[in-house]
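Student: Show me how the following folds:
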Amino acid sequence: MTSEATNTGAKARACAIVAIIGAPNAGKSTLVNGLVGAKVSIVSHKVQTTRSRIRGIFIRGQAQIVLIDTPGIFRPRRRLDRAMVQAAWGGASEADVIALVVDGKGGLGPKVEPIAQALKDRPEPKILILNKVDIADKAKLLVHAERLNQWAGFDETWFVSAATGDGLPELKSALAKAMPEGPWHFPADQVSDATDRMNAAEITREQLYLQLHAELPYASTVETEKYTERDDGSVEIHQQILVERPTQRAIILGKGGTRLKEIGSTARAEIAISLGRRVHLYLHVKVNPKWEDDRGHYRDIGLDWVD
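Tutor: Numbering: from 1, shown residues only. Sure, this is the predicted structure:
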């Protein structure tokens, strides 16, 4: 017990890491943002939007809960896919508690059962979170919950809607109560472990997906090449958008560069809100067919290199 708890009679501090895992588009990032109460992970309808492990942090009473938002788990085909899946299972290995998030509307497709089966013999406490209950068939939710528990034997089952917030206050309280006694891992005012440089790149990538969802393929990324604080307190950011083919570059640029300007304007405004200061954002688009084979890119976004 801490000296604070001994001297004042207050409850001792508690802390633990909860890995949020699941198939792509289960709503993991939306759930993490909802639990934290701030946007720490980018969100889009494009699968595999989350590419690396991102930690979101929230405090409930004397408990600090560290959530690891992981990439969706699926059958990998390319190097980046393999690195993302490895990152997801790596996040589970770091955790004190594993939470499997399942799309309650999408049901138990071929991507969900292998994940649940893989959790069956893991020693960590396991929580099942059926998400999107606001748009799911309520009768089927109970069937899904029963089958998932047969596969993995979860300690608790929760029904929530990360989009509407339904069930999140109760889930936050339950997670806080389950945390073991121990020191906090992060300062009380910190909500994420992502650097400003990384966060800026993620915000621009989110705008690419939101504005070009149907047109832009998965094979694109954003790198922050230069991040400079000016004397007037503003920040100057230079970013490079990498794509595999010239046709993809043309899509991002748009006629007369109008699409790129719109992406940059929206991203700049959101980055400014995130940083709490004025931002000067400069974007350019580069064709690099082999950007997925650049070890430096994996390092920059927090992924391990895989063969």
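
Student: When you work out contacts or count neighbours from here on, use the C-alpha atoms and nothing else.
Tutor: Noted.

Student: Could you list the buried residues of the longest helix seen in the chain?
Tutor: Counting residues, the longest helix found in the chain (DSSP state H) is helix 258-275. For helix 258-275, burial by neighbour count (16 or more other C-alpha atoms under 10 Å) applies to 259-265, 267-272, 274.

Student: Same check on stretch 165-177?
Tutor: By 16+ other C-alpha under 10 Å, the buried positions in stretch 165-177 come out as Asp166, Leu168, Leu171, Lys172, Leu175, Ala176.

Student: tell me which element the fourth one is part of?
Tutor: Taking DSSP states H and E as the criterion, the element that holds Lys172 is helix 168-178.

Student: And the strands in the stretch 201-307 of the chain?
Tutor: Secondary structure of the stretch 201-307 of the chain (DSSP state E, counting those that start in this stretch): strands at 220-229, 235-243, 279-287.

Student: Asn131 - how many residues pack around it?
Tutor: Neighbourhood size, Asn131 [other C-alpha atoms under 10 Å]: 29.

Student: so who does it touch?
Tutor: Ala26, Gly27, Val101, Val102, Asp103, Gly104, Lys105, Phe159, Val160, Ser161, Ala162 (C-alpha atoms under 8 Å, 6 or more residues apart in numbering).

Student: Please look at Gln229 and Arg197 and confirm they touch.
Tutor: Just to correct that, residue 229 is Glu rather than Gln. No - using C-alpha atoms under 8 Å, Glu229 is not in contact with Arg197; the gap is 11.4 Å.

Student: The two - which one has more neighbours?
Tutor: Arg197 (17 against 11).

Student: Just say helix, strand or coil for that one.
Tutor: helix (DSSP: H, G, I helix; E, B strand; the rest coil).

Student: Tell me how far it lies from Thr157.
Tutor: Using C-alpha to C-alpha, to the nearest Å, one obtains 37 Å as the distance from Arg197 to Thr157.

Student: How far away from the center of its chain is stretch 145-158?
Tutor: Its chain's average C-alpha position is 23 Å from that of stretch 145-158, according to C-alpha atoms, centre = their mean, to the nearest Å.

Student: mean confidence for that stretch?
Tutor: On average, the pLDDT along stretch 145-158 is 96.

Student: List the buried residues of that stretch.
Tutor: For stretch 145-158, the neighbour count (16+ other C-alpha under 10 Å) marks Ala145, Leu148, Asn149, Trp151, Ala152, Gly153, Phe154, Thr157 as buried.

Student: For my notes, please list those in TSV and give secondary structure and distance to Ala87 for each entry.
Tutor: TSV is the format used below for these (DSSP: H, G, I helix; E, B strand; the rest coil; distance: C-alpha to C-alpha, whole Å):
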residue	secondary structure	distance to Ala87
Ala145	helix	26
Leu148	helix	23
Asn149	helix	25
Trp151	helix	23
Ala152	helix	21
Gly153	coil	24
Phe154	coil	22
Thr157	strand	25
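
Student: Between the residues you listed, which sits nearest Asp307?
Tutor: Distance to Asp307, by C-alpha to C-alpha, is smallest for Ala152 among these, at 30.3 Å.

Student: before we move on, the earlier item: can you say which two of the buried residues of stretch 165-177 are spatially most distant?
Tutor: So, the buried residues of stretch 165-177 by C-alpha to C-alpha: farthest apart are Asp166 and Ala176, at 17.6 Å.

Student: returning to that earlier point: so what does the longest helix of the chain touch, helix or strand wise?
Tutor: Judged by 3 or more C-alpha pairs under 8 Å, 6 or more residues apart in numbering; DSSP states H and E, helix 258-275 is in contact with helix 196-211, helix 246-253, strand 279-287.

Student: Appreciated, that's everything.
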